[in-house]
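Undergrad: Structure here, sequence nowhere to be found:
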């Protein structure tokens, strides 16, 4: 049993964990471990937004960004997914991760120009970029199995052994190294910057991002039927709630996305990614909102009936970003897109 | 909105609450407010235990203790309830509350002699006394409505206005004044003292007691049917689990008891009372054990379908006791009774 907070990120606590030192979680979970010289990562969501069928412009942009990802200084890992938003638009998300900030900075300028630059102004479809670059003290991961990394964890050196801080409400916070000394509360106000056809948003400090994924590709027929029949509809209802009605409870945006291959083929993976006013707001929804309590109940029933035989894989990454660790830019997108909801 | 911790019990925090200062609970709840000169209370459970029909000895003892409660220095409030334990014995609990410790101390000696004294040795039925006398910093209450006190709250001066620290996991801890500076962890070891036919137990510091009650006497037919049909069976299953299988998760004993009048007539009230190794163990069960997650889910579905029209009343009191604030004595009781499970 080890702490989710690696040795080199431990600090003199001014704030306590929620569980006693002798707490033992009822089932195993794992976290990604970076090399100790990794101090910061980049999580970059490149979105293209359109209504109806994809246009040649969208297809070309997706091919171009994939080529850029593969080029020098490109990300260590990326994946693609799509979802339909609350306004009925399709959004294709290409999500890329770096742990070499200098490489990202060299790479990003031309990539940004090719995505939200004037080349796409008046294209009739939307483009957006949502980037945070949290310090390793500012995010955490959690995996139900240690043998298949997703998201930022693909960049990691390895998976941990079984960690202590999970399977209780508050574990998410306790896995974030900054929580040893910070309340992680939002500070400052969100700001809209209009730059010709582009709109940029600078949100407050401690903006919170969660990407929470599921992978049922290894399940056999019986387990798959149980996941798709009993769990997925409840998960979808919760995701729809956050997408459509999340604003009053502090969820700026939620995208429940189906992972596709670079060629656009569907996979048996999905994730929800959402932007929150605060970690506390995310905690409150997860712990007590009927939509998440039902998800939690369905997942618990599922996992307790399958036990260690479950082949469903679950993971998440939860990040906090100061305003100077954020870049959000929207071109031709509707007003309900992403962090625009924080200022419009 | 006010803090559950009254002004005069606030101290310089070394430990944080689980919610930010701007947290707003989604529905109202209330706590009991004592006069500021009340520093400590007594919670005393007098149990009589028998198999099958009550004997004349049991009946006489119950009548006698009721008379003693009504005499000088008796409790400010008491009530009676019964339950069947895991060994199939009926246990009648007479629960009494004092906020005048000196009065209790004057009252208790003769009452104890008449209950677990030699007069009942060899009676063929069991008698037990379970008393804690927590400081007001060491317990909390919570009520769904402010207009009907139960348990220790009957001694209080008044109910609070709406309090902030509820409707999230961890609220229970945050309502206990001691949590401002203490982790409330159990310390020390439980000890058995054999005194002739009597067995006494001194448990460790920060032993935890919860009494959690429900009152459906004001419900109309439709709501009563919903409570008794949808909620009560789930509650009972959780209570049975704690009674029969609670030991490995830190529950020394659980009694899900039906409240009766002093004459033994049934009422439309019940409570669960359980002894826990620690507040943390109680928190873990409440937050994540399938049996309580189902209770929570059933209660939430019930309350969210009725909203403010619900006439079901819910309350609890949760107390921590140091070993020098405890008195547990068993005469003629089976080994699975109460705190005997902590040492046998």
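TA: Sure, I can see it. Keep in mind that this is a model prediction, so the values were computed, not measured. Numbering: from 1, shown residues only, chains lettered A, B, ... in the order given.
Undergrad: where does the stretch 151-300 of chain A come near chain B, residue by residue?
TA: Within the stretch 151-300 of chain A, the residues that sit near chain B (CB under 8 Å from any CB of the partner chain) are A:167-170, A:183, A:185, A:278, A:280, A:283-284, A:287-288, A:290, A:293-294, A:296-297, A:300. Where you see a C-beta, it was placed from the backbone N, CA and C, and this is true even at glycine.
Undergrad: filter those residues to the buried ones?
TA: Among these, those classed as buried by 16 or more other CB atoms under 10 Å in any protein chain shown are A:167-170, A:183, A:278, A:280, A:283-284, A:287-288, A:293-294, A:296-297.
Undergrad: Show me where the stretch 101-250 of chain A has its strands.
TA: A:126-132, A:139-143, A:158-159, A:191-195, A:198-202, A:207-215 (DSSP state E, counting those that start in this stretch).
Undergrad: Looking at the buried ones among the residues of the stretch 151-300 of chain A next to chain B, spot the one nearest residue B:142.
TA: Set against residue B:142, the nearest of these by CB to CB is residue A:288 (14.9 Å).
Undergrad: Next up, the contacts around that closest one.
TA: B:26, B:167, B:168, B:169 (CB atoms under 8 Å, 6 or more residues apart in numbering or on different chains).
Undergrad: Can you tell me how far the second one is from residue A:181?
TA: Noted for residue B:167: a distance of 27 Å to residue A:181, by CB to CB, to the nearest Å.
Undergrad: What of the last one?
TA: Using CB to CB, one gets 22 Å for the distance from residue B:169 to residue A:181.
Undergrad: Out of the contacts of residue A:288, name the ones that lie in helices.
TA: Nothing among the contacts of residue A:288 maps onto helices, per DSSP state H.
Undergrad: Leaving out chain neighbours, which residue sits closest to whatever residue of the stretch 151-300 of chain A ends up closest to chain B?
TA: Distances between the stretch 151-300 of chain A and chain B by CB to the nearest CB are smallest at residue A:169, namely 4.2 Å. Leaving aside its sequence neighbours, residue A:169 sits nearest to residue B:169 (CB to CB, 6 or more residues apart in numbering or on different chains; 4.2 Å).
Undergrad: what's the answer for residue A:123, then?
TA: Here the residue nearest residue A:123, using CB to CB, 6+ apart, is residue A:57, at 5.0 Å.
Undergrad: how many other residues sit next to that neighbour?
TA: Per other CB atoms under 10 Å in any protein chain shown, the neighbour tally for residue A:57 reads 16.
Undergrad: Could I get the phi/psi values of it?
TA: Residue A:57 adopts backbone torsions of phi -60, psi -40, taken as degrees, to the nearest 10.
Undergrad: Contacts only, for it.
TA: Residue A:57 makes contact with A:120, A:123, A:124, A:125, according to CB under 8 Å, 6+ apart.
Undergrad: so how far is residue A:66 from it?
TA: From residue A:57 across to residue A:66, the span is 15 Å (CB to CB).
Undergrad: Check residue A:214 too.
TA: 24 Å.
Undergrad: Looking at these two, which has the bigger crowd around it?
TA: Comparing residue A:214 with residue A:66 by other CB under 10 Å, the one with more neighbours is residue A:214, at 22 against 18.
Undergrad: Would you agree the more buried one is in contact with residue A:268?
TA: No: the pair residue A:214 / residue A:268 is not scored as a contact, 9.1 Å apart, by CB atoms under 8 Å.
Undergrad: and stretch A:25-41, what's its mean pLDDT?
TA: Averaging pLDDT along stretch A:25-41 yields 96.
Undergrad: make that stretch A:221-230, sorry
TA: For stretch A:221-230, the mean pLDDT works out to 94.
Undergrad: still on that earlier bit, which residues are in contact with the residue nearest to residue A:169?
TA: Counting by CB under 8 Å, 6+ apart, residue B:169 has contacts A:169, A:170, A:287, A:288, B:18, B:283, B:286, B:287.
Undergrad: Report how many residues lie close to residue A:222.
TA: Counted with other CB under 10 Å, residue A:222 comes out at 9.
Undergrad: Contacts made by stretch A:222-229 with the rest, please.
TA: A:214, A:216, A:219, A:302, A:305, A:306, A:310, A:311, A:312.
Undergrad: Just give me the closest of those residues to residue B:6.
TA: Using CB to CB, residue A:302 is the member of these that lies nearest residue B:6, at 44.0 Å.
Undergrad: which secondary structure element contains that closest one?
TA: Per DSSP states H and E, residue A:302 falls inside helix A:290-306.
Undergrad: Spell out the residue ranges of the helices in the stretch 151-300 of chain A.
TA: Along the stretch 151-300 of chain A, counting by DSSP state H, counting those that start in this stretch, helices occupy A:171-175, A:221-226, A:232-245, A:279-288, A:290-306.
Undergrad: quick one: the last one to helix A:232-245, angle?
TA: Helix A:290-306 and helix A:232-245 are oriented at 160 degrees to each other (axes from the mean of the first three to the mean of the last three CA atoms, to 10 degrees).
Undergrad: Could you pull out the buried residues of whatever helix or strand comes next after helix A:290-306?
TA: Downstream of helix A:290-306, the first helix or strand assigned by DSSP H and E is strand A:313-321. Neighbour counts over strand A:313-321 (16+ other CB under 10 Å) mark A:313, A:314, A:315, A:316, A:317, A:318, A:319, A:320, A:321 as buried.
Undergrad: Report the two of these separated the most.
TA: For the buried residues of strand A:313-321, the farthest-apart pair by CB to CB is A:313 and A:321; their separation is 26.3 Å.
Undergrad: burial count for residue A:187?
TA: Residue A:187: 12 surrounding residues under other CB under 10 Å.
Undergrad: Not counting residues beside it along the chain, what's closest to it?
TA: Residue nearest to residue A:187 in three dimensions, not counting chain neighbours: residue A:205, with 4.4 Å by CB to CB, 6+ apart.
Undergrad: ok, that neighbour - how many residues close by?
TA: Residue A:205: 16 surrounding residues under other CB under 10 Å.
Undergrad: Please list all residues in contact with it.
TA: Neighbouring residues of residue A:205 by CB under 8 Å, 6+ apart: A:186, A:187, A:188, A:321, A:322, A:323.
Undergrad: Now with 6 Å, please.
TA: When contacts are counted by CB atoms under 6 Å, 6 or more residues apart in numbering or on different chains, residue A:205 touches A:187, A:188, A:322, A:323.
Undergrad: I figured the last one was touching residue A:206, is that so?
TA: Meaning residue A:323. No: with contact defined as CB atoms under 6 Å, residue A:323 does not count as touching residue A:206 (9.1 Å).
Undergrad: which one of the two has more residues nearby?
TA: Using other CB under 10 Å, the more surrounded residue of residue A:323 and residue A:206 is residue A:206, with 23 against 17.
Undergrad: For that one, give me its contacts.
TA: For residue A:206, the contact set (CB under 6 Å, 6+ apart) comprises A:184, A:186, A:320.
Undergrad: let's see 8 Å
TA: Taking CB under 8 Å, 6+ apart as the contact definition, residue A:206 lies against A:184, A:185, A:186, A:187, A:278, A:279, A:320, A:321, A:322.
Undergrad: quick one: it and residue A:279, what's the gap?
TA: According to CB to CB, residue A:206 and residue A:279 sit 7 Å apart.
Undergrad: and what of residue A:168?
TA: 15 Å.
Undergrad: hang on, the earlier thing: would you point out the most distant pair within the contacts of residue A:288?
TA: Using CB to CB, the contacts of residue A:288 span at most 13.6 Å, a distance reached by B:26 and B:169.
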